[in-house]
Structures are given as C-alpha cells and as structure tokens.
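Engineer: only geometry, no sequence info:
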C-alpha cells in the first residue's frame, strides 16, 4: 500500500495545496484526471475539519463497499477514525434510524429493493422538513456516479458538500442525471486539477487514445508527474478464460517478486467470472495466502493480490493490473469506453489485457503499437496469418 496516501506537504503540487487552502464551509467540487489525488485531497480536507472543529460530525461517502475499505486504509494516517468513511447506504440507514423511521428489512429483500425502500423513506423524511443540515460537511467521492436524487439528498442533509468527480469515469446509468446536477449546481468553488502522478506514460498513452475527443478529454500524457520507468502494456489475445488465468499466474508471481508490499489487481467483467478466476488462482500453491477475493465478506486488504469486478475497482489503484475477459466489456454497451478508460487507469506501472474474442475497435486501436515497418503491396494482398 506504499505511496498510496500523502503523509507530508512536500509530496503535494501547488494546485493540490490550493485545494487545502479553500474554505471548508462552502460547496466545493474537485475534478481532475485519474491519479491527480482527488480522493487523497478529500481525506486531507476531512482531516483539516476534524482538527479545526473536533465537535463536527461529518462523513466521507464512498460509492462502493470495496472503495470504502480501500479508503479506510488511508484514514489511519490522519486524525479521524475509519468509521467516518462509509457508504451512501450506511448514511441513509443512520439518518433514518436517528429519526426513528428506518424501515425493517424484509426476508429475501434484494439490494435494489432495499435501496428503493430506503430512498422512499428518506424522501418522506425530507418532505417533513426534518434533518436538514444535519452535517456541516459531507465529502463525496466518485460523485459522477450518483443520481440527481442522490446528490440532492446529500445536499439536504449537509450544509456544505465537498465532491470529487471525473465525468470520464461515470460508469453507471444513475450518473446520467447527476452529471447535470454537478454541472449546474452553484458551487462556492470549482477546482480542476491538471497534473497527475500515479499512472506510467505507457498506460497514459492507451488511456488518451481510448478517450480522445470524448467528454472534453485533455491528453494526460503531457501533464503527468509520474516518477519511475515508462511502464509496460501487454495484450494476451486468443485464450479462453481458464487459459487466460494460466497465462496470468507466472506474470503475477514475477510482479510479486519485483514489487514487494505492492498490490496487484486482477479485474473481471462480472461476478460469474470472478468466482471462476478466484477458484482457479487458489489452486496455485505459489499463490496460497496471497490472493483475496475483494468482493467477499472475508476480503483481506493485507493480501497482495486483489481480485475484483471491474466496476468495483473504481477509485482503487494497483501497481500492476490484469484485466481478464476484456472482450466481455461489450456487455457494458454505452458505458464500454468509460469502463475501459477507468479500468486501464487503475494500473500504476504495468497493465496486461487478456481476451478471447476481438476487442471493440476503439479498445484494440488504443492498445495497438505503431508499426514502423513499410508495408509492401504483397502484404496488402496477404491474408491474416
């Protein structure tokens, strides 16, 4: 987990220091590319708040439970306890419980059903006028993925919002209405970070190609502050999933030796493949006690190899990232490009993409290397070898 969280002001750039100088008690939106330190700055502003106003009740809201667990690893470096880092669901249940109107959980209630019940109860609470401005500040990470209703709920219960967002990483349908809210809300301050430090140039080149001309994307390659080697991008095509995992294992073992005490991420498109990948990895004696299912109740963040769905990896970072079954990104339809952009930028130094069937042309083109060889007429007429 080394180098994930800032522990000294000398590690910050001037534009990041500017964020820390902003008034805590006004609405602030912070945008910027992957690796620009948005989440870290939320934690530092939260640390500022608890030092300046220790009597203030506040929370840092994470979009997924896995992101909550990841962010909690940084809370230990600061002055607030990890129980200040929670999910939106936990916040809603707490608010409803405080007003004695938390609906009882029904047997067999699904996650979406529970979500709908909680939102309905919260709307009734807001309509009654109770609970307004309960918190001086709520810190909202990955704000681009919340709906307009979600953001309005946060704003109702918090006198001030501090949001971190990147529209290029909006990978849920819920964020389509929230994006408009974020763009039209009257913010007390809006700061866009330009520089970023996490992702190696070779990976940035892929990310830039994926997002070129989309979502007001500005090239990340020219503004990086990455310190280290140029990075490495590898594509492993034409293998079915079991064989992809066999190809992956020796690469992971080598990376564990090269990067001790660093996290290796293995990302899969959905939960069905996640189960298969974890089970096969655990048959390797060399990976015993190293691999953890990041989606499981028994997830252990001290392990070096995390296996997660692509969507749940948002907001996380890994020294090396392996994306398996990447051809299944087609299932994400209109979000496919943004999911691909988000996935590749989870990697700091090394990125490996595995697939069986052809990738979407935008993804394949972004990963392809420039061919310096002069193409002969004979080759033009030649068939695929």
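Structural biologist: That came through fine. Fair warning: this is a prediction, and the values are worked out from it, not measured in the lab.

Engineer: in this protein, which helix or strand is least confident?
Structural biologist: For the chain, using mean pLDDT, DSSP states H and E, the weakest element among its helices and strands is helix 377-381, scoring a mean of 77.

Engineer: can you map out the strands along the stretch 51-200 of the chain?
Structural biologist: Here the stretch 51-200 of the chain has its strands, by DSSP state E, counting those that start in this stretch, at 59-62, 85-87, 135-140, 158-165, 189-192.

Engineer: Quick check: chain neighbours aside, which residue is closest to residue 69?
Structural biologist: Spatial nearest neighbour of residue 69, chain neighbours left out: residue 301 (6.0 Å); criterion: CB to CB, 6 or more residues apart in numbering. For every residue, glycine as well, the C-beta is placed using N, CA and C.

Engineer: same deal with residue 38?
Structural biologist: residue 164 (3.8 Å).

Engineer: was I right about that neighbour contacting residue 42?
Structural biologist: Yes - between residue 164 and residue 42 there is a contact under CB atoms under 8 Å: 5.4 Å.

Engineer: joint contacts of the two?
Structural biologist: 30, 139, 141 (CB atoms under 8 Å, 6 or more residues apart in numbering).

Engineer: As a markdown table, the residues you listed with pLDDT and neighbour count would be great.
Structural biologist: Output for the shared contacts of residue 164 and residue 42, formatted as a markdown table (pLDDT from 0 to 100; neighbours: other CB atoms under 10 Å):
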| residue | pLDDT | neighbour count |
| --- | --- | --- |
| 30 | 97 | 28 |
| 139 | 98 | 29 |
| 141 | 97 | 25 |
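
Engineer: Redo these as JSON lines? Include distance to residue 315.
Structural biologist: Converted to JSON lines, the shared contacts of residue 164 and residue 42 look like this (distance: CB to CB, whole Å):
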{"residue": "30", "distance to residue 315": "14"}
{"residue": "139", "distance to residue 315": "13"}
{"residue": "141", "distance to residue 315": "6"}
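
Engineer: Pick the one among those closest to residue 186.
Structural biologist: Nearest to residue 186 out of the shared contacts of residue 164 and residue 42 is residue 30 (CB to CB; 16.0 Å).

Engineer: partners of the helix or strand hosting the closest one in the sheet?
Structural biologist: Using DSSP states H and E, the element containing residue 30 is strand 28-31. Partners of strand 28-31 in the sheet, by DSSP bridges, are strand 158-165 (parallel), strand 189-192 (parallel).

Engineer: Surely residue 101 and residue 122 touch.
Structural biologist: No - counting by CB under 8 Å, residue 101 stays clear of residue 122, with 9.1 Å between them.

Engineer: can you map out the helices along the stretch 201-350 of the chain?
Structural biologist: Listed in chain order, the helices of the stretch 201-350 of the chain (DSSP state H, counting those that start in this stretch) span 201-211, 241-258, 271-281, 336-344.

Engineer: do you know which of those helices lies nearest residue 177?
Structural biologist: helix 336-344 (16.1 Å).

Engineer: Could you list the residues in contact with the closest one?
Structural biologist: With contacts defined as CB under 8 Å, 6+ apart, helix 336-344 is touched by 34, 168-171, 203, 206-207, 210-211, 214-215, 267, 310-311, 313-314, 321, 323, 326, 329-330, 332, 351, 353, 360, 362-363, 366.

Engineer: picking that back up, looking at the strands of the stretch 51-200 of the chain, which is closest to residue 232?
Structural biologist: strand 158-165 (28.6 Å).

Engineer: could I get the strands paired with strand 28-31 as JSON lines with distance to residue 25 and mean neighbour count?
Structural biologist: Formatted as JSON lines, the strands paired with strand 28-31 follow (distance: least, CB to CB, whole Å; neighbours: other CB atoms under 10 Å):
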{"stretch": "strand 158-165", "distance to residue 25": "5", "mean neighbour count": "23"}
{"stretch": "strand 189-192", "distance to residue 25": "11", "mean neighbour count": "14"}
